[in-house]
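# just the structure for this:
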Amino acid sequence: MDSVTVTREDVENYILNVLKEEKKLDVSKLSFDSTLKDLNIDSFGFLEVIFSIEHQFNIHFPNDLDHVKTAKDVVDETYSLIQQKNKAA
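Prediction:
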């Protein structure tokens, strides 16, 4: 998704799709306030989600993601990294 304006909604939709397709979650029951633990996403599953997001949006997450606890946190962190990348371009 380079050279295209990525909206927060784009990020949310992509993450929902990743959770649905890769983690086999029922997204109709997903709340962005759900913790990753509540979604049964362990640390390995979290890394898989992060790698998918990095690949899709050509961004790189920092090593320290201890503050990322909910699906909303994943969206916030992703969108922030995309915005930082766009400002640097």
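# confidence score at Asp2?
Asp2 is assigned 47 on the pLDDT scale.
# gap between Asp33 and Val6?
According to Cβ to Cβ, to the nearest Å, Asp33 stands 22 Å off from Val6. Glycine gets a C-beta too; all of them are placed from N, C-alpha and C.
# those two: which has the busier surroundings?
Ranked by neighbour count (other Cβ atoms under 10 Å), Asp33 and Val6 place Val6 first, with 19 against 11.
# which residues touch the closest residue to that one other than its chain neighbours?
Counting by Cβ to Cβ, 6 or more residues apart in numbering, Val6 lies nearest to Ile82, which is 5.2 Å off, once chain neighbours are set aside. By Cβ atoms under 8 Å, 6 or more residues apart in numbering, the residues touching Ile82 are 6, 11, 57, 59.
# contacts only, for the third one.
In this case it means Phe57. Contacts of Phe57 by Cβ under 8 Å, 6+ apart are 1, 6, 11, 14, 78, 81-82, 85.
# same deal with the first one?
The neighbourhood of Val6, defined by Cβ under 8 Å, 6+ apart, consists of 57, 79, 82.
# buried residues in the host helix or strand of Tyr79?
Using DSSP states H and E, Tyr79 sits within helix 71-88. Going by neighbour count (16 or more other Cβ atoms under 10 Å), the buried part of helix 71-88 is 71-79, 81-82.
# ditto for stretch 22-38
For stretch 22-38, the neighbour count (16+ other Cβ under 10 Å) marks 23, 25, 30, 34, 36 as buried.
# can you put these in JSON lines and add distance to Phe46 and secondary structure?
Supplementary listing: the buried residues of stretch 22-38 in JSON lines, determined by distance: Cβ to Cβ, whole Å; DSSP: H, G, I helix; E, B strand; the rest coil:
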{"residue": "Lys23", "distance to Phe46": "10", "secondary structure": "coil"}
{"residue": "Leu25", "distance to Phe46": "13", "secondary structure": "coil"}
{"residue": "Leu30", "distance to Phe46": "15", "secondary structure": "coil"}
{"residue": "Ser34", "distance to Phe46": "13", "secondary structure": "coil"}
{"residue": "Leu36", "distance to Phe46": "6", "secondary structure": "coil"}
